[in-house]
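Q: When you get a sec, could you give me coordinates for this:
(4 chains)
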There are 2 protein chains.
Amino acid sequence: MTVDEDQARFLRCIGEPTRLQILKLVAEGDRYVGELAEILNKEQSLISHHLRVLKECNIVKDKQEAQKVYYRIMDDRLAKLITEIEALMIELSLCKCQQ
Amino acid sequence: MTVDEDQARFLRCIGEPTRLQILKLVAEGDRYVGELAEILNKEQSLISHHLRVLKECNIVKDKQEAQKVYYRIMDDRLAKLITEIEALMIELSLCKCQQ
DNA sequence: TCTTTATATGAACTATAATTCATATAAATA
DNA sequence: TATTTATATGAATTATAGTTCATATAAAGA
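A: Sure thing, here's the model as predicted:
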């Protein structure tokens, strides 16, 4: 496993629209699975699958409270990074990924 | 097309090991297709396909000189971003993607 | 103009990832 | 302990993306 492969995997991990939405939500504060599913209007199992991907990449962590499982972003610097990427994309008019 | 979809697409665009390697090379200076293929030990057509993906996302630009086509990164801030992502990943011990 | 060199392209194939559905697990409560 | 609530999981399906191969295009030089 090279550094480039690792970095690419990380980028693909956050490079999925639903996961990106999840990340932006759990960057603001703890959210439980059902809450995320409702907000994003997606099936619970789908959200669960995406959360597993994020967790396996150490991008989020979870904490069980009663029946609910709360997720949060692993580190605020990740949230900051995502914000910076978005800002740069806008600044550079990137990836209206034409057509 | 939402912002999240756009951002996710951009992240997937750079989230492929060979494209990431290409980006790091063309961040240092202009490179022509055959050169990239040789350095990365990949087929010319494969590199060409990847370059097209990067170009369609406005991440690289090209310039023809005689028969050769030179590629470079669209903006130095993109190179800087990639460096920062790598640095943060190392700092956070992210994505040894422990399966 | 014929040949060589460099790159791009499209189709076919292969691999990877996302989604759905049914169901399992497990905690809380009646 | 039977039921409800919340989440996770695995298999099957579908969608997306990467790779290869053959070939097209186009510039340069013999």
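Q: which other residues reach stretch A:40-50?
A: By Cβ atoms under 8 Å, 6 or more residues apart in numbering or on different chains, the surrounding residues in contact with stretch A:40-50 are A:16, A:18, A:19, A:21, A:22, A:25, A:33, A:34, A:36, A:37. Heads up, the C-betas are built off the backbone N, CA and C, glycines and all.
Q: Would you mark the buried spots in that stretch?
A: A:40, A:47, A:50 (16 or more other Cβ atoms under 10 Å in any protein chain shown).
Q: circling back: DNA strand D next: which of the contacts of stretch A:40-50 are close?
A: By Cβ under 7 Å from any atom of the strand, the members of the contacts of stretch A:40-50 lying near DNA strand D are A:33, A:34.
Q: Quick one: buried ones out of the contacts of stretch A:40-50?
A: Restricting the contacts of stretch A:40-50 to buried positions leaves A:16, A:18, A:19, A:21, A:22, A:25, A:33, A:36, A:37, with burial counted as 16+ other Cβ under 10 Å.
Q: Mind checking which of the residues you listed land in helices?
A: Filtering the buried ones among the contacts of stretch A:40-50 for membership in helices, criterion DSSP state H, returns A:18, A:19, A:21, A:22, A:25, A:33, A:36, A:37.
Q: Give the closest residue to residue A:93 in space, chain neighbours not counted.
A: Here the nearest residue to residue A:93 in space, its sequence neighbours aside, is residue B:58; by Cβ to Cβ, 6 or more residues apart in numbering or on different chains that works out to 7.4 Å.
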